[in-house]
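Engineer: using only what follows, build the 3D model:
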Amino acid sequence: MKQWLIALYLALSIAPISKAGEASHLELIGFSKNGAYVAFDQFGILDGMKFPYIITSFVSVNNNRLEAEIKSVFDVRSAAISQVRAKTKAQVAAAMKKYGIVSGNQGRFIGITPPRVLSTASLFFALDRTYGLSIDTKPAVDETGLCSQLQKPELLIVKLTVDGTTRDLQRDTRLPGSRDCAYGYELRSAHLYGRSLAVFVTYENKAFDLVAALARGFEVPESRWMVVTGLL
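Structural biologist: Just a heads-up that it's a prediction; the model follows:
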């Protein structure tokens with residue numbers, strides 16, 4: 001059932017999401033100077049193996065399209081995130097230059113909800129208007145056959161409303177491989193740079209029944225971040 005919670009200008013917490021066995025931290029790197037692209041990191045410790053990892057994503061704002069994703073895993077349990085970053089430093093720097101990302105150019109933070117509070121809708125003020133954000137889900141096909149029987153995968157729908165008119169920022173028709181068993185989507189935060197909007201959403205992924213756990217190396221559900229973008 002859809003829950004409507006409104007929270008404006010709340011401090012962003014980048015603490016890990018605590019609802020799953022393993023959860024990512026979020027770090028927004030910034031927008032490009034022209035607002036056409038946005039980049040962010042998510043990082044944490046892989047459940048089971050306990051290896052630290054970091055994933056840097058570069059997204060086209062107008063197209064809501066992932067342009068590049070650079071992944072790094074350090075196969076030493078005690079390694080610091082800084083060591084993991086060092087492995088792909090040159091790749092990330094090249095992508096930052098390619099997409100014109102300005103580190104620290106985060107725009108204006110738009111609060112959604114405090115951590116650990118489910119949020120599927122929110123309001124924010126920008127450009128002398130009140131905008132509404134909402135998310136909804138639809139059942140997805142388990143194309144891998146490895147998702148949990150208890151938690152079926154879900155398609156994500158993100159809508160933006162202004163002046164009584166609603167349009168889709170994202171409407172999944174099928175799940176990409178990176179979200180093959182995704183469910184439990186929540187609005188967490190958003191940033192606005194000029195007319196460029198980046199909405200950060202968390203979701204659960206991976207299966208937790210015995211068959212799927214065996215197939216996936218005894219992984220438990222993981223909380224991950226994604227961004228949905230568009231122009232106001």
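
Engineer: and for residue 120, nearest residue in space, chain neighbours not counted?
Structural biologist: Excluding the flanking residues, the one nearest residue 120 by CB to CB, 6 or more residues apart in numbering is residue 135, at 5.0 Å. From N, CA and C alone the C-beta is placed, and that goes for glycine too.

Engineer: ok, that neighbour - contacts?
Structural biologist: Applying CB atoms under 8 Å, 6 or more residues apart in numbering, we find residue 135 in contact with 120-121, 156-159, 185-187, 201.

Engineer: tabulate these (a markdown table), appending neighbour count.
Structural biologist: Shown next, in a markdown table, are the contacts of residue 135 (neighbours: other CB atoms under 10 Å):
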| residue | neighbour count |
| --- | --- |
| 120 | 18 |
| 121 | 19 |
| 156 | 21 |
| 157 | 17 |
| 158 | 22 |
| 159 | 16 |
| 185 | 22 |
| 186 | 19 |
| 187 | 23 |
| 201 | 22 |
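
Engineer: of the residues you listed, closest to residue 39?
Structural biologist: residue 201 (16.4 Å; CB to CB).

Engineer: distance of that closest one from residue 51?
Structural biologist: 25 Å (CB to CB, to the nearest Å).

Engineer: same thing with residue 58?
Structural biologist: Counting by CB to CB, the gap from residue 58 to residue 51 is 23 Å.

Engineer: repeat that for residue 185.
Structural biologist: Residue 185 is 26 Å from residue 51, by CB to CB.

Engineer: what packs against the longest helix anywhere in the chain?
Structural biologist: In the chain, ranked by residue count with DSSP state H as the criterion, the top helix is helix 89-99. Counting contacts by 3 or more CB pairs under 8 Å, 6 or more residues apart in numbering; DSSP states H and E, helix 89-99 is packed against strand 37-45, strand 52-60, strand 65-73.

Engineer: the first one pairs with which strands, parallel or anti?
Structural biologist: Yep, that's strand 37-45 we're talking about. strand 25-31 (antiparallel), strand 52-60 (antiparallel) (DSSP bridges).
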